[in-house]
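Novice: Structural data only, the sequence is not supplied:
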């Protein structure tokens, strides 16, 4: 790779609050060690569809001036996409690729692997180290680049909080905070109508967001790690409703939660990483509860509301710290690492092996399967906020 002072940075996958705090802190920290930062717009798409170093659609030089206030808002100033460079259909190939170049790309009969294009574009931009911010999918391709010999550092973000190797991902605290606020507000409506309220929340493969939201709202929850028994769910909710002076009950459900013996149904076309959309477990659960109990239900989908707006204080603090650690690793010439939290402390670890799947809730320690609640006991000696599994 060229010997330059350029550091690249990109955000991939779904947006979460706190991304701009990472971007700003990387820029400010890099300026302290004499390095210039180049923002790659629209995630990995910026490195597959780039037409040249001056392509403003995908390249954004970053400095203290144009990042000075970005940490005050949510989303990502660099924008994002779910592009997977290793799995691109012919219809999505960059238009500037010639027929000869396309023939040289690895091809499995359906998808092209544009890793060589990404490496070429990194060289064209004079980037000698890349900071990739994302979840499993984004970091999976970061591992590919690292294996190809390109220096990469990763920063985990996802409201699901399920990236292997870290107990915390940027966006998680804000998601739980927003969910708690929404449920607290909506209690008045659920209670006024004496209904059973079902709150659907993020958690495709892991139930951390639902579990911790249930912990701070003192409600029941259903998580992907433990298939639930519908008879038990109905009995618990009716007990809650009958023992509540306002005659209502609440249940928080991860989007990936499933009936015992059932499966999560999916629909629609798979995205670039092979994921299809989950069927709405919230609506299906509410309908089944209404059929079995005769009670009126109310469904509230909290998913996308949780990722909008500015980060809470904890997310901003951790995002800033992750960025500062990344810059320190760059200064020390280190790469192939992910910044994270282990045993409640900041750490850096090897890039995660996404083939191992998502980090999961330790059901035995954290979840009461009989009562469909978080475990509130045996916290002595555990980290204050989070725990590994």
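Specialist: Structure received. This is a predicted model, so every value here is computed, not measured.
Novice: which residues touch residue 254?
Specialist: The neighbours of residue 254, taking Cβ atoms under 8 Å, 6 or more residues apart in numbering as the test, are 201-204, 206-207, 209-210, 221-224, 281. Yep, even glycine has a C-beta here, placed from its N, CA and C like the rest.
Novice: got the residue ranges for the strands in the stretch 1-150 of the chain?
Specialist: In the stretch 1-150 of the chain, strands defined by DSSP state E, counting those that start in this stretch lie at 6-11, 36-40, 59-62, 127-134, listed in chain order.
Novice: Count residues in the vicinity of residue 148, would you?
Specialist: Applying other Cβ atoms under 10 Å, we find 12 other residues in the vicinity of residue 148.
Novice: isn't it right up against residue 119?
Specialist: Yes - taking contacts as Cβ atoms under 8 Å, residue 148 lies within contact range of residue 119: 6.4 Å.
Novice: which residues of the stretch 1-150 of the chain fall in helices?
Specialist: Along the stretch 1-150 of the chain, the stretches classed as helices by DSSP state H, counting those that start in this stretch are 19-32, 45-48, 99-104, 115-124, 136-147.
Novice: who wins for proximity to residue 237 among those?
Specialist: Using Cβ to Cβ as the measure, helix 136-147 is the one of the helices of the stretch 1-150 of the chain that comes nearest residue 237, at 32.9 Å.
Novice: other SSEs contacting the closest one?
Specialist: Secondary-structure packing of helix 136-147 (3 or more Cβ pairs under 8 Å, 6 or more residues apart in numbering; DSSP states H and E): helix 115-124, strand 127-134, strand 152-156.
Novice: Let me see the mean pLDDT of the first one.
Specialist: Taken as a whole, helix 115-124 carries a mean pLDDT of 96.
Novice: swap in the shortest one?
Specialist: Strand 152-156 shows an average pLDDT of 98 in the prediction.
Novice: list the contacts for residue 329?
Specialist: 153, 335, 337, 339, 348.
Novice: Can you report how many residues neighbour residue 179?
Specialist: Taking other Cβ under 10 Å as the neighbour definition, residue 179 ends up with a count of 26.
Novice: roughly how far apart are it and residue 82?
Specialist: 23 Å (Cβ to Cβ, to the nearest Å).
Novice: Give me the distance between residue 346 and residue 245.
Specialist: 45 Å.
Novice: cool, residue 302 as well?
Specialist: To residue 245, residue 302 is 25 Å away according to Cβ to Cβ.
Novice: Tell me which of those two has more neighbours.
Specialist: The residue with the greater number of neighbours, taking residue 302 and residue 245 and applying other Cβ under 10 Å, is residue 302; the counts read 22 against 6.
Novice: quick one: low-confidence parts of the chain?
Specialist: Applying pLDDT under 70 to the chain flags residues 1-4, 261-279, 385-389.
Novice: and if we set it to 50?
Specialist: Under the criterion of pLDDT under 50, the regions of the chain flagged as low confidence span 1-3, 267, 389.
Novice: ok, back up a step: just name the closest of the contacts of residue 329 to residue 373, please.
Specialist: For residue 373, the closest of those turns out to be residue 339, at 32.6 Å, with distances computed as Cβ to Cβ.
Novice: strands paired with the helix or strand where that closest one lies, and their directions?
Specialist: Residue 339 belongs to strand 337-342 when assigned by DSSP states H and E. Using DSSP bridges, strand 337-342 pairs in its sheet with strand 152-156 (parallel), strand 345-350 (antiparallel).
Novice: Which of the contacts of residue 254 fall in strands?
Specialist: Within the contacts of residue 254, membership in strands is found for 201, 221, 222, as judged by DSSP state E.
Novice: who are the neighbours in contact with the last one?
Specialist: Read it as residue 222. By Cβ under 8 Å, 6+ apart, the contact list for residue 222 reads 207, 210, 228, 233, 251, 252, 253, 254, 257, 285, 372.
Novice: Looking at the protein, which helix is longest?
Specialist: Looking across the chain with DSSP state H, the single longest helix is helix 172-192.
Novice: Can you give the contact residues for that one?
Specialist: Residues from elsewhere that reach helix 172-192 (Cβ under 8 Å, 6+ apart): 16-18, 158-161, 196-197, 199, 201-202, 208-209, 212-213, 216-217, 219, 246-248, 250, 252, 298, 300, 302, 305-307, 309, 311-312, 314-315, 318.
Novice: Just the buried residues out of the residues you listed, in ChimeraX syntax.
Specialist: Those of the contacts of helix 172-192 that meet the burial criterion (16 or more other Cβ atoms under 10 Å) are gathered into one ChimeraX selection, given here:
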select :16,17,18,158,159,160,161,196,197,199,201,202,208,209,212,213,217,219,248,250,252,298,300,302,306,307,311,312,314,315,318
